[in-house]
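J.: pasting the sequence and the predicted coordinates here, then a few questions.
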Amino acid sequence: MVNFTNGDIYIGLWQAQGPPSGSNCAEQALLIDVAPALSSVSTPNRTQWARTAILWNLVESQDLEASQALRSFVVQAPWDEAASNNSTLRAAFSTTVSGYTFDFASQSVIAPAQSFSAIAQPSTEQDSRVNPTSRTALDYMYGYAVGEFHIALFDLFPNKAKLRRRSTTNL
């Protein structure tokens, strides 16, 4: 997993699930099992991306319930209709977990919107002195800085995966 060592993954799993029982890792493997919905034989890229997204979410959030919800979403998605260009149907492959929107059809993740005021927490007086143009630039930079850390996962799929940030303004 890009930029995660085996130790990072182990600690993330330990924090989310507790210590393994003996030498049996079946419980950990089941956390990212997306069968029978996806198969590494018939849809290897989609299957690998889904497993990686679930594992990334688990390691980053250390939230077992959120990762299980993401896995359940993948297992229940209508994969036999994934090739459809119907925008209503394509929405069936997108869900928000741990604050991120995972789009399994386009293999992308949308980071939560970030703002200078929320992250830097300036005083009310300082915040009121920031003009709209500066606020737009600061929001963009803070959003980029927060999201940059999470881009590493998607280096596994450089041609397909994208990390996009939500923005209410255009620069």
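T.: That came through, no problem.
J.: now the strands for this protein?
T.: For the chain, strands defined by DSSP state E occupy the ranges 94-97, 100-103, 108-111, 162-165.
J.: output the ones you listed as a markdown table; include the columns mean pLDDT.
T.: Putting the strands of the chain into a markdown table (pLDDT from 0 to 100) gives the following:
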| stretch | mean pLDDT |
| --- | --- |
| strand 94-97 | 90 |
| strand 100-103 | 88 |
| strand 108-111 | 83 |
| strand 162-165 | 40 |
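J.: how about JSON lines for the ones you listed, with distance to residue 55 added?
T.: Quick note: C-beta positions are derived from backbone N, CA and C, even for glycine. Putting the strands of the chain into JSON lines (distance: least, C-beta to C-beta, whole Å) gives the following:
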{"stretch": "strand 94-97", "distance to residue 55": "13"}
{"stretch": "strand 100-103", "distance to residue 55": "12"}
{"stretch": "strand 108-111", "distance to residue 55": "13"}
{"stretch": "strand 162-165", "distance to residue 55": "16"}
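J.: reformat those strands as CSV; add mean neighbour count and distance to residue 130.
T.: Below are the strands of the chain laid out as CSV (neighbours: other C-beta atoms under 10 Å; distance: least, C-beta to C-beta, whole Å):
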stretch, mean neighbour count, distance to residue 130
strand 94-97, 16, 29
strand 100-103, 19, 27
strand 108-111, 20, 22
strand 162-165, 15, 20
